[in-house]
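Chemist: Need coordinates for the following:
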Amino acid sequence: MRAGRHIAAVTDVSFELAPGECLALVGESGCGKSVLAGALLGLLPGNAELRGSARLRGGGDGSGGGSADAGGDVGGDGSGDVELIGADEHTLAASVRGRRVGLVPQSPAAHLTPVRTVRSQLEETVRELTGARRPASHDAAVAAAERAAFPADHLDRYPHELSGGLAQRAATALALVGDAPLLLADEPTTGLDRDLVDHTVDELRRHTGDGRALLLITHDLAAAERIADRVAVMYAGRIVEVADAEAFFGTPGPRHPYAHGLLNALPERAFAPIPGLPPELGNLPEGCAFAPRCPVVRATPSDACAVVPELADGTACHHPLTPERAEVPAPRLRTGAADGVPSAPGGSGASAGSSAPRGGGRR
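Modeler: Below you'll find the model as predicted:
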């Protein structure tokens, strides 16, 4: 809600995230990706209104793995099911954040305590999440920094002494400390050069080992292709396509014209920008929000676009592309995954669904 107006920042989002899987959520800035992450962890402003369901499922051993009966209660150790949408602050703070859902925030500098060094913040997080004491907490803090490529000789610096890239790596190290069953990484490669981007996303991919899950929120399609198992494309607050990463980045390619345009806008591909600008979330057009920019609609106008398309067969589009209608995909973006980066096993996992901001957890 803004100035008395209701703005639907995220609408009709539905997806599942399985143990051991990486789902990349991609789209232009302002489409609602970070709002979705904030909704899952109860981090939205007080005037935000949430409806729907986001079920975080966990095993009875507290690992967050395994399965649970639908509607199961949260155990005293935080090992049972959790309904994230509408959960009270005590539940989220004591049982969810850091312990079962880790977060790499989009604005790391705002999430670091300004009057404490990176080392002290890492050690405190280790003690809080694992119960370790010195010297174990000291060693674990150094190990977390190494995983995030944060230089050891900067551990005793304060946040204001860090560059944007170093602050990003410090936030990533903090998120990795607890090895949470589900990790939300919101633009984790901001401010990093290409080598550090590859290192960071490879480390995040390793997080999916032992049945942990990763929701990667990013506009970096090369990073998404490098580690994702599936891709969800968001436009104007809605998910418009969900696809297997291999098919999305390779053949047959995206089926939604917007997703197809995202790939074609890359320098490695056609370098052809999508015409026009995305709509404001507070002033969406009637029906399909992408219709005013859609090349298919411009070529073949259709009254069907006056109706919001539902997500069916992985695509929310009245005129999905077929291999015959789409251009042949350009060479792959991937630069090659690093050795030792695991691929995700199959399996079913968490589910989520609603008519307002909502997302997935683990099962």
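Chemist: which sections of the stretch 101-250 of the chain are below the confidence cut-off?
Modeler: Flagging of the stretch 101-250 of the chain using pLDDT under 70 yields an empty set of residue ranges.
Chemist: Where do the strands of it begin and end?
Modeler: Under the criterion DSSP state E, counting those that start in this stretch, the stretch 101-250 of the chain contains strands at 101-104, 182-186, 213-218, 230-235, 238-244.
Chemist: And the longest one, what's buried?
Modeler: So that's strand 238-244. R238, I239, V240, E241, V242, A243 (16 or more other Cβ atoms under 10 Å). For every residue, glycine as well, the C-beta is placed using N, CA and C.
Chemist: show me what contacts the second one?
Modeler: If you count contacts by Cβ atoms under 8 Å, 6 or more residues apart in numbering, I239 has them with D12, V13, S14, F15, A232, V233, L311, A316.
Chemist: give me the low-pLDDT residue ranges for the stretch 251-363 of the chain?
Modeler: Applying pLDDT under 70 to the stretch 251-363 of the chain flags residues 324-363.
Chemist: hmm, back to that, compare the contacts of I239 and tell me which is most surrounded.
Modeler: By neighbour count, taken as other Cβ atoms under 10 Å, the most surrounded of these turns out to be A232 (30 neighbours).
Chemist: the helices in the stretch 1-150 of the chain, which residues?
Modeler: Using DSSP state H, counting those that start in this stretch, the helices of the stretch 1-150 of the chain run over 33-40, 89-91, 108-111, 118-130, 136-147.
Chemist: just the ones you listed: most buried one?
Modeler: helix 33-40 (a mean of 24; mean count of other Cβ atoms under 10 Å).
Chemist: Quick one: residues in contact with it.
Modeler: 9-10, 13, 25-27, 43-44, 48, 50, 54, 84-85, 101, 103, 106, 184, 186-187, 215, 217, 234, 357-359, 361.
Chemist: Show me where the stretch 251-363 of the chain has its strands.
Modeler: Listed in chain order (using DSSP E, counting those that start in this stretch), the strands of the stretch 251-363 of the chain are 350-353.
Chemist: what's the spacing between L155 and E161?
Modeler: Distance check for L155 against E161: by Cβ to Cβ, to the nearest Å, it reads 11 Å.
Chemist: quick one: which of the two has more around it?
Modeler: The neighbour comparison of L155 against E161 (other Cβ under 10 Å) goes to L155, with 20 against 12.
Chemist: what's the most distant pair in the buried residues of strand 238-244?
Modeler: Taking Cβ to Cβ as the measure, the buried residues of strand 238-244 reach their widest spread between R238 and A243, a distance of 15.4 Å.
Chemist: Not counting sequence-adjacent ones, nearest residue to L129?
Modeler: Using Cβ to Cβ, 6 or more residues apart in numbering and skipping residues adjacent in sequence, the residue nearest L129 is G178, 3.9 Å away.
Chemist: I'd like to know how many residues surround that neighbour.
Modeler: If you count neighbours by other Cβ under 10 Å, G178 ends up with 20.
Chemist: pretty sure it contacts T130?
Modeler: Yes - assessed by Cβ atoms under 8 Å, G178 is found in contact with T130 at 7.0 Å.
Chemist: Show the residue spans covered by the helices in the stretch 201-350 of the chain.
Modeler: Secondary structure of the stretch 201-350 of the chain by DSSP H, counting those that start in this stretch: the helices cover 221-227, 245-249, 257-264, 295-299.
Chemist: Nearest to H90 among those would be which one?
Modeler: Among the helices of the stretch 201-350 of the chain, the nearest to H90 by Cβ to Cβ is helix 221-227 (34.0 Å).
Chemist: That closest one packs against which elements?
Modeler: strand 22-26, helix 194-206, strand 213-218, helix 245-249 (3 or more Cβ pairs under 8 Å, 6 or more residues apart in numbering; DSSP states H and E).
Chemist: number of nearby residues for P105?
Modeler: Other residues within reach of P105 by the criterion other Cβ under 10 Å amount to 24.
Chemist: right, and V308 touches C288 too?
Modeler: Yes - with contact defined as Cβ under 8 Å, V308 and C288 form a contacting pair (6.5 Å).
Chemist: which residues touch V240?
Modeler: The neighbourhood of V240, defined by Cβ under 8 Å, 6+ apart, consists of V233, M234, H256, Y258, A259, F290, L311, T315, A316, C317.
Chemist: Go again with 6 Å.
Modeler: Counting by Cβ atoms under 6 Å, 6 or more residues apart in numbering, V240 makes contact with V233, H256, Y258, A316.
Chemist: how far away is it from R51?
Modeler: In this structure, V240 and R51 are separated by 21 Å, where distance is defined by Cβ to Cβ.
Chemist: How about V201?
Modeler: V201 sits 33 Å away from R51 when distances are taken as Cβ to Cβ.
Chemist: These two: who's more crowded?
Modeler: Applying other Cβ under 10 Å to V201 and R51 shows that V201 carries more neighbours, namely 30 against 12.
Chemist: picking up where we left off before, do you know which of the helices of the stretch 201-350 of the chain lies nearest I274?
Modeler: With Cβ to Cβ as the criterion, I274 lies closest to helix 257-264 of these, at 4.1 Å.
Chemist: what's the first-to-last distance across stretch 112-124?
Modeler: From the first residue to the last, stretch 112-124 extends over 12 Å; the measure is Cα to Cα, to the nearest Å.
Chemist: L84: how many residues sit nearby?
Modeler: 26.
Chemist: Give me the nearest residue to I7, chain neighbours excluded.
Modeler: What sits nearest to I7 in space, not counting adjacent residues and going by Cβ to Cβ, 6+ apart, is G282, at 4.3 Å.
Chemist: The helices and strands packed on helix 221-227: which one's closest to S302?
Modeler: Taking Cβ to Cβ as the measure, the helices and strands packed on helix 221-227 were each checked against S302, and helix 245-249 came out nearest at 24.7 Å.
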